[in-house]
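Chemist: Have a look at this prediction, sequence included:
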Amino acid sequence: MRTPMTLYGAMREHGQWLFRWRGYLPLIALVTVLLGLNHYRYLAGSKWWDDGWQLGCLLVACLGLLVRAHVVGHAPKDTSGRNARAQRAEVLNTTGMYSIVRHPLYVGNFLVFTGVVAFVHEPWSVAVCLLGFALYHERIMLAEEAFLEQRFGDQFRDWATRTPAVVPNFRAWQRPSLPFSLRNVLRREYNNAFGVLVAMCLLDAASDSAAQHRWTTGYWWDRLLIAGFVAWIVLRTLKRRTAILRVPGR
C-alpha cells in the first residue's frame, strides 16, 4: 500500500521539479507584462517621468545583478551554480553573503525580477508576477534546504538557525572564505546580464509603441542593446573556445 505523501513532501517534490525549470519563470513574467500593454500610458502623462521611472527600474535590476555577482565571485567550485537537473553542493557556503542570508542568489533574483516587471508600471501585472515569484521560489528554497540538511546535517542546521532565509541580517557579516574572481562572474553571469538588457529593451520599445500608437524604439536602448550583444558574443566565445575565463579550483 502506497504511503500518503505529506504536504511537506509534496511541496518538496514540487520544488525539485520547479528547480529544473526555474529558468522559464522570467519568460512567463515577460509575456504577462507584455500582455498588459494594450492601454499603456506614460507615467503622469509625461515621457520624461516615464523614462525616469524606467531608469530607476534598471538601477534596481543592476543592484540585483551586483548581488549575484558578489555571490558568484566568491563561490567555491560546485556551489551557487546554474545546474538545472539536480541539486549539487560539495561544501556548505556560510561566509560572505551566505553569512547574512541563506538564499542570496534569490535575493538578487528578486531585485532583478522586480526591476523588470515594474518597468512598465502596470500594477496588476506587477502583483501577479511578484506573487508567482514568491510561490515559485518558496518551493525551490524548501527543496534546496531539504537537500542541504540531508547532505550536511548539523552543520546546515546550525547555520540555518542563525541565518535568516531571505531578509539579510547585515550585523552577522563574515568575510568570504575565497577571494573575489571577476573571471568567475564573467563566465557564469553574462547570460543573466544580457537577458535583463534584452527584456528591458523589448519592454521599452513595446511600451513606447503602445503609448504612441506606432512602432518606435529608444535611441539609447538600441545602442545599449548593440553594445550588450557585442559583449555577449565576446564572453560566450571566450568561455567556449578559450581558457581565459577559467579559474583553477573554481
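Modeler: Yes, it's here. Numbers count the residues shown, from 1 in each chain.
Chemist: Output the contacting helices and strands for whichever helix or strand residue 58 is part of.
Modeler: Residue 58 is part of helix 47-73, with elements assigned from DSSP states H and E. Counting contacts by 3 or more Cβ pairs under 8 Å, 6 or more residues apart in numbering; DSSP states H and E, helix 47-73 is packed against helix 104-117, helix 182-212. No exception for glycine: its C-beta is placed from N, CA and C like everyone else's.
Chemist: buried set for that helix?
Modeler: The neighbour-count criterion (16 or more other Cβ atoms under 10 Å) identifies 50-51, 53-54, 57-58, 60-62, 64-65, 67-73 as the buried residues of helix 47-73.
Chemist: Repeat that for stretch 169-188.
Modeler: Quick answer for stretch 169-188 (16+ other Cβ under 10 Å): 176, 178, 181, 184, 185, 186, 187, 188.
Chemist: Ok, stretch 92-111 next?
Modeler: Of the residues in stretch 92-111, 92-94, 96-111 count as buried by neighbour count, 16+ other Cβ under 10 Å.
Chemist: again, but for stretch 31-40
Modeler: 32, 33, 34, 36, 37, 40.
Chemist: which other residues reach that stretch?
Modeler: With contact meaning Cβ atoms under 8 Å, 6 or more residues apart in numbering, stretch 31-40 is reached by 116-117, 119-120, 122, 124-125, 128-129, 202-203, 206-207, 210-211.
Chemist: now that stretch: how far from the chain's centre is it?
Modeler: 22 Å (Cα atoms, centre = their mean, to the nearest Å).
Chemist: Ok, stretch 207-225 next?
Modeler: Distance of stretch 207-225 from the chain centroid (Cα atoms, centre = their mean) equals 25 Å.
Chemist: Stretch 150-169 now?
Modeler: 21 Å.
Chemist: Could you give the average pLDDT over it?
Modeler: Averaged across stretch 150-169, pLDDT comes to 95.
Chemist: Send me it as PDB with only the CA atoms.
Modeler: Output of stretch 150-169 as PDB, limited to C-alpha atoms (Å, rounded to 0.1, in the frame of the first residue of the first chain):
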ATOM      1  CA  GLN A 150      20.400  15.800   4.300                       C
ATOM      2  CA  ARG A 151      23.800  16.500   2.800                       C
ATOM      3  CA  PHE A 152      25.400  18.400   5.700                       C
ATOM      4  CA  GLY A 153      23.200  17.600   8.700                       C
ATOM      5  CA  ASP A 154      24.100  19.500  11.900                       C
ATOM      6  CA  GLN A 155      26.300  21.900  10.100                       C
ATOM      7  CA  PHE A 156      23.400  23.000   8.000                       C
ATOM      8  CA  ARG A 157      21.000  23.200  10.900                       C
ATOM      9  CA  ASP A 158      23.400  25.300  13.000                       C
ATOM     10  CA  TRP A 159      23.900  27.700  10.100                       C
ATOM     11  CA  ALA A 160      20.200  27.900   9.300                       C
ATOM     12  CA  THR A 161      19.300  28.600  12.900                       C
ATOM     13  CA  ARG A 162      21.400  31.800  13.000                       C
ATOM     14  CA  THR A 163      21.000  32.900   9.400                       C
ATOM     15  CA  PRO A 164      17.600  34.300   8.000                       C
ATOM     16  CA  ALA A 165      16.200  32.900   4.800                       C
ATOM     17  CA  VAL A 166      15.600  36.000   2.700                       C
ATOM     18  CA  VAL A 167      15.800  39.100   4.800                       C
ATOM     19  CA  PRO A 168      19.500  39.800   5.400                       C
ATOM     20  CA  ASN A 169      21.000  40.300   8.800                       C
END
